[in-house]
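Participant: just a sequence and a predicted model for now, questions to come.
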Amino acid sequence: MKTALLFGVHAHQPAGNFPEVLDQAHELSYRPFLETLHRFPEFRFAAHFSGPLLDYLLERYPRDMLLLREMVARGQVELFGGGDTEPVLAAIPHRDRVSQLVALSEKLERLLGAGPAGSWLTERVWESAVVPALVESGIRYVTVDDYHFLCAGKSVDELDGYFTTEEGGARIDLYPISEALRYRIPFAPAAEAVAFIGEQRGAAIYFDDIEKFGIWPETYEWVYGKGWLEAFVRGVIESDRIETLTFREHRARAASRGIVYLPTASYIEMNEWTLPAPAAHDYATLVAREKAAGRYEAEKPFLRGGIWRNFMSRYPEANWMHKRMLQLSERLAGLPRGTSTDLLRRLLHLGQANDAYWHGLFGGLYLPHLRRAVYGALVELEARLDAIAPRPPRVRIDLDGDGVDELFIQNGELQAVVKLDGSASLVELDAYALAQNFGDTLRRHAEHYHRIALEAQGSSHDGPGIASAHDRVRFKHPVVAADLVPDAHARTTFRDAWNERGLDGYAGRYILNGEIPCGFGQPLDAGGVTELVLDDQFMGGAVTVLCSSPALVRARPHLTVSQSEDGFEKVMQCATVVLAWPLAAGRHELSVALKIAAHR
């Protein structure tokens with residue numbers, strides 16, 4: 001009996017990502033991948049495209065996406081669904097899970113000619129609570145990592161088909177993605193990967209990021225220049241031991257392997273990323289020790305770290321954004337019948353896009369433009385909700401669950417959220433005309449990988465093929481110990497010494513006395529200042545700081561060090577502007593005002 005290769009790829013770019021990044025991703029990965037597979041109708045596979053990326057590609061590259069539609073029509077490609085804007089389903093309410101899933105399913109049917117029966121789970125985050133929403137949305141099976149099954153007591157040898165689970169009586173089937181295939185495709189030589197597949201029995205299940213085929217370091221030359229993808233496809237087709245099937249075809253011909261209940265889990269690398277730095281150090285040391293002793297493969301189901309939701313407790317900035325999203329979701333759900341609109345739901349969906357809420361090798365919490373996209377959607381949604389169902393000008397609640405109340409003050413144009421912890425600082429400052437949160441920034445956090453940056457270790461890859469991003473260590477910018485010192489407190493607005501913070505500096509510049517002394521990325525020192533303009537072309541507006549008495553101004557960029565598949569890099573989070581007044585003894589009265597305006 002032939003091995004059934006169930007091959008799937010997942011394509012996603014964060015909502016709010018720069019168009020030039022999407023264009024490059026298309027040139028390096030999406031286009032050549034589709035062109036290659038289109039030439040081999042016998043090679044069946046599954047494809048998942050997140051909603052915003054699909055919209056962009058259909059508008060900008062319709063000819064290339066026609067190849068995908070043709071492959072769907074001839075039965076070569078099975079489209080997989082998911083949340084439209086790529087939310088982590090477990091992190092949003094049931095009503096929004098259904099709304100997100102249905103939105104993408106309807107889009108696939110309308111634009112590509114086929115609705116999905118299978119679904120991709122963002123970051124493969126599994127919680128059994130998502131099952132009812134998946135089933136209600138018409139999804140019949142999902143893919144998760146084989147690691148999830150190992151943690152439930154299954155052995156690798158059992159994972160050659162699909163299993164069934166249920167939640168409250170709602171049933172769904174689960175396909176285990178092979179970690180062994182994920183680490184071979186496309187990094188091992190093509191012939192080696194094909195041979196490995198042919199040695200499996202039952203089904204060999206692969207579903208992973210399409211960006212590994214051209215965007216990850218070295219992969220474009222490897223996959224297309226040196227012909228890895230074509231060699232792999234030809235090798236599979238020509239093998240007398242392998243047949244390719246879509247997941248739908250396989251499920252129609254094969255019975256379930258039985259009932260299974262999986263623990264809350266994601267892919268194995270996430271276990272380390274979700275932990276605070278000290279715990280992550282201990283976890284990594286334990287894993288390294290067990291690997292050195294040759295015990296890791298047998299013990300890894302029991303060496304579990306954190307879960308995806310830990311990012312909300314690790315990063316107060318992510319937690320605040322998440323709780324603001326939940327707050328607005330509840331307001332939207334509570335609107336009078338007939339007042340909700342597709343636009344309002346779309347804005348909420350964009351505010352639930354996963355990337356800005358977490359950080360690992362690929363997470364985007366450290367990227368200001370991704371956080372801005374989430375806040376832009378949430379702030380615009382709030383303004384539109386206020387127009388339909390006005391709220392009080394002052395509300396006091398503990399929104400983020402940290403034991404300290406926040407005071408929301410708004411007048412329909414601006415909103416200030418004061419943290420009532422004695423600092424009199426603002427955790428959020430919104431301008432509704434600009435859909436901008438000026439309090440959106442990130443403190444320096446201690447990260448586990450900072451230890452690697454200081455040790456300046458090299459790539460751990462050896463053997464044939466190329467290194468995965470998980471094994472690669474490189475530096476896009478020089479990093480020294482001073483760059484890695486964590487902040488003692490949140491980088492809130494108007495904290496302690498009345499510091500003004502919050503613009504991230506993309507296309508940003510200071511304007512002083514009608515002149516532009518420098519951009520947000522450069523230091524600024526000036527005296528006798530009564531008016532300072534912070535102008536941001538990307539934001540489409542400016543903030544003018546007005547001082548009642550001449551002030552000394554000291555402005556500096558605030559940088560954090562993060563890690564991505566491209567290496568360690570410094571990211572500008574905001575411009576920190578300190579206003580100072582040397583005061584003699586006696587009584588003094590000072591005032592600072594902000595004027596916020598959109599560009600005409």
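Facilitator: On my side now, so go ahead.

Participant: from residue 369, how far out is residue 522?
Facilitator: Counting by C-beta to C-beta, to the nearest Å, the separation of residue 522 from residue 369 is 20 Å. Every residue, glycine included, has its C-beta placed from N, CA and C.

Participant: those two: which is more packed in?
Facilitator: Counted by other C-beta atoms under 10 Å, residue 522 and residue 369 do not tie: residue 369 has more neighbours, with 18 against 14.

Participant: can you give me the buried ones in the helix or strand containing the more buried one?
Facilitator: Here residue 369, judged by DSSP states H and E, is contained in helix 368-388. Buried residues in helix 368-388, defined by neighbour count with 16 or more other C-beta atoms under 10 Å: 368-383, 385.

Participant: so what does that helix touch, helix or strand wise?
Facilitator: Under the contact criterion of 3 or more C-beta pairs under 8 Å, 6 or more residues apart in numbering; DSSP states H and E, helix 368-388 touches helix 316-333, helix 342-351, strand 426-431, strand 436-437, strand 567-580.

Participant: so the closest residue to residue 431 other than its chain neighbours: helix, strand or coil?
Facilitator: Of all residues not flanking residue 431 in the chain, residue 596 sits nearest, at 4.5 Å (C-beta to C-beta, 6 or more residues apart in numbering). What DSSP: H, G, I helix; E, B strand; the rest coil gives for residue 596 is strand.

Participant: dig out what residue 596 forms beta bridges with.
Facilitator: Beta bridges link residue 596 to residue 543, judged by DSSP bridges.

Participant: what's the pLDDT at it?
Facilitator: Confidence at residue 596, expressed as pLDDT, is 90.

Participant: count residues in the vicinity of it, would you?
Facilitator: As a burial measure, residue 596 scores 19 neighbours (other C-beta under 10 Å).

Participant: these two touch, right, it and residue 416?
Facilitator: No. The criterion here is C-beta atoms under 8 Å, and residue 596 misses it with residue 416 at 11.6 Å.

Participant: return the distance of residue 123 relative to residue 354.
Facilitator: Here residue 123 is placed at a distance of 7 Å from residue 354 (C-beta to C-beta).

Participant: of the two, which one has the most company?
Facilitator: Between residue 123 and residue 354, counted using other C-beta under 10 Å, residue 354 has the larger neighbour count: 27 against 19.

Participant: and the more buried one, what is it in contact with?
Facilitator: Residues near residue 354 by C-beta atoms under 8 Å, 6 or more residues apart in numbering: 86-88, 91, 122-123.

Participant: now, among these, which is nearest to residue 396?
Facilitator: residue 91 (25.8 Å; C-beta to C-beta).

Participant: distance-wise, check that closest one relative to residue 322.
Facilitator: Relative to residue 322, and taking C-beta to C-beta, residue 91 is found at 7 Å.

Participant: common neighbours of the two, please.
Facilitator: Joint contacts of residue 91 and residue 322 (C-beta under 8 Å, 6+ apart) are residue 357.

Participant: go ahead and confirm residue 267 touches residue 122.
Facilitator: No. Residue 267 lies out of contact with residue 122 (C-beta under 8 Å); the separation is 11.3 Å.

Participant: the two: which is more packed in?
Facilitator: Per other C-beta under 10 Å, whichever of residue 267 and residue 122 has more neighbours is residue 122, with 24 against 21.

Participant: and the gap between that one and residue 359?
Facilitator: Using C-beta to C-beta, residue 122 is found at 15 Å from residue 359.

Participant: do residue 7 as well
Facilitator: For residue 7, the distance to residue 359 equals 30 Å [C-beta to C-beta].

Participant: and if you look at residue 414?
Facilitator: Residue 414 is 30 Å from residue 359, by C-beta to C-beta.

Participant: who has more neighbours, these two?
Facilitator: Just comparing residue 414 and residue 359: by other C-beta under 10 Å the higher neighbour count belongs to residue 359, 24 against 15.

Participant: OK, contacts around that one?
Facilitator: 273, 311, 315, 365-366, 562.

Participant: tell me the spacing between it and residue 510.
Facilitator: In terms of C-beta to C-beta, residue 359 sits 30 Å off from residue 510.

Participant: residue 208 against residue 9, yeah?
Facilitator: Yes. If you go by C-beta under 8 Å, residue 208 and residue 9 touch, sitting 7.0 Å apart.

Participant: and the helices in the stretch 401-550 of the chain?
Facilitator: For the stretch 401-550 of the chain, applying DSSP state H, counting those that start in this stretch gives helices covering 450-455.

Participant: low-confidence ranges, it, go.
Facilitator: 453-454, 456-485, 487-489, 491-507 (pLDDT under 70).

Participant: can you give me the strands in it?
Facilitator: 406-410, 414-419, 426-431, 436-437, 500-501, 508-511, 524-536, 541-564 (DSSP state E, counting those that start in this stretch).

Participant: what's the nearest residue to residue 121 if we skip its chain neighbours?
Facilitator: Residue 121 sits nearest to residue 142 (C-beta to C-beta, 6+ apart), 5.5 Å away.

Participant: beta partners of that neighbour?
Facilitator: Beta-bridge partners, per DSSP bridges, of residue 142: residue 119, residue 174.

Participant: just list the residues touching it, thanks.
Facilitator: 118-121, 134, 172-175.

Participant: residues touching the nearest residue to residue 234 once chain neighbours are set aside, list them.
Facilitator: In space, residue 234 comes closest to residue 40 once its chain neighbours are excluded; the distance is 7.7 Å by C-beta to C-beta, 6+ apart. Applying C-beta under 8 Å, 6+ apart, we find residue 40 in contact with 233-234, 237.
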